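Student: give me coordinates for this.
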Amino acid sequence: MTILVTGATGKVGRNVVAQLLDTGRPVRAISRSPQRAGLPEDVEVLHADFARPESLHTALREVEKVFLFPSATGLRDFTAAASHAEVRHIVLLSSTVPGYDKPNPISEAHLAHERDVQDSGLPWTFVRPGGFMSNDLNWAATIKTQGVVRDPFGDAGVALIDERDIAAVAVTALIDDAHIGRTHEITGPHALTAIERIRILGQAIGRRLRFERQSSAEFTEQVTNEGYPAQYAEAVLEFGAYFDGRSGPVYPAVEHITGRPPHTYADWAAHHAPYFR
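Tutor: Numbers count the residues shown, from 1 in each chain. Okay, the predicted model is just below:
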């Protein structure tokens, strides 16, 4: 049963690849630059590009299941090619944001991806993680140079999730058809504020770190300078403001699905400490 992994060079995708290899399944990955993918030698890496639908047919040949990382260009061309190849199951990486009442550009994009997969008629599973712990790698530069983290919201409690746990849920869904037609909303085990996470990071690297509140204008400028649209910054600020001074939801699904508790933020910080030193 060959399983195709898209987004295989990303933080979640690399963990999906590694964990699938641990199960002994044949794994294929696609990349726009296979020679630079840096994936294990047991993985078949093919060139393909969502923006070039004709490149997808070879990649999907004899594939039974797909881990699908969402593409900014949309998924309809991919799902059409997957349907033509008679793929039996797509596990889509989505997000918890479609579950929030007030629409924003981020939630609308994820809902559009889910609709594209549903409309294909292929069996599906949606994995909806909350915020990624790996997003805090954005703090690495100022931690290393100044010992400081700047963020608009120090007291917004969110249950960030380790990318290894996202991958574990996706892999479980890929190898167990009982998850077909289900939507899994997953989070880490604790809702933590930025100030609490900074303290934990400081303990992991043996250094006292400071928090400085960042203005909305400074955050928006930073995000747009990194190439994201202003609407993305606005959505993140709105989300942070909603949870400022309160705690977001914590879901037990990771343990229910994988049979083990999710990694804590302290686990993640210890694992990633070299990035912050």
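Student: ok, which stretches of this structure are helices?
Tutor: 11-23, 56-60, 76-84, 105-119, 140-146, 163-175, 194-205, 216-225, 230-243, 253-258, 265-276 (DSSP state H).
Student: columns distance to Thr2, mean pLDDT and mean neighbour count on top of those, output as TSV?
Tutor: Placement of C-beta: from N, CA and C, glycine included. Output for the helices of the chain, formatted as TSV (distance: least, C-beta to C-beta, whole Å; pLDDT from 0 to 100; neighbours: other C-beta atoms under 10 Å):
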stretch	distance to Thr2	mean pLDDT	mean neighbour count
helix 11-23	10	97	20
helix 56-60	10	93	19
helix 76-84	13	95	19
helix 105-119	19	88	17
helix 140-146	36	96	14
helix 163-175	11	98	24
helix 194-205	38	98	19
helix 216-225	38	89	14
helix 230-243	35	83	17
helix 253-258	23	98	17
helix 265-276	30	97	17
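Student: now distance to Ile30 too, for the ones you listed, in CSV please.
Tutor: Shown next, in CSV, are these (distance: least, C-beta to C-beta, whole Å):
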stretch, distance to Ile30
helix 11-23, 10
helix 56-60, 5
helix 76-84, 10
helix 105-119, 17
helix 140-146, 29
helix 163-175, 16
helix 194-205, 34
helix 216-225, 28
helix 230-243, 25
helix 253-258, 26
helix 265-276, 27
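Student: how about the ones you listed, which one is nearest Met133?
Tutor: Closest to Met133 of these is helix 265-276 (C-beta to C-beta; 4.5 Å).
Student: that closest one versus helix 163-175: what angle between them?
Tutor: With axes from the mean of the first three to the mean of the last three C-alpha atoms, to 10 degrees applied, the angle from helix 265-276 to helix 163-175 works out at 110 degrees.
Student: what is helix 265-276 packed up against?
Tutor: When contacts are defined as 3 or more C-beta pairs under 8 Å, 6 or more residues apart in numbering; DSSP states H and E, helix 265-276 packs onto helix 140-146, helix 194-205.
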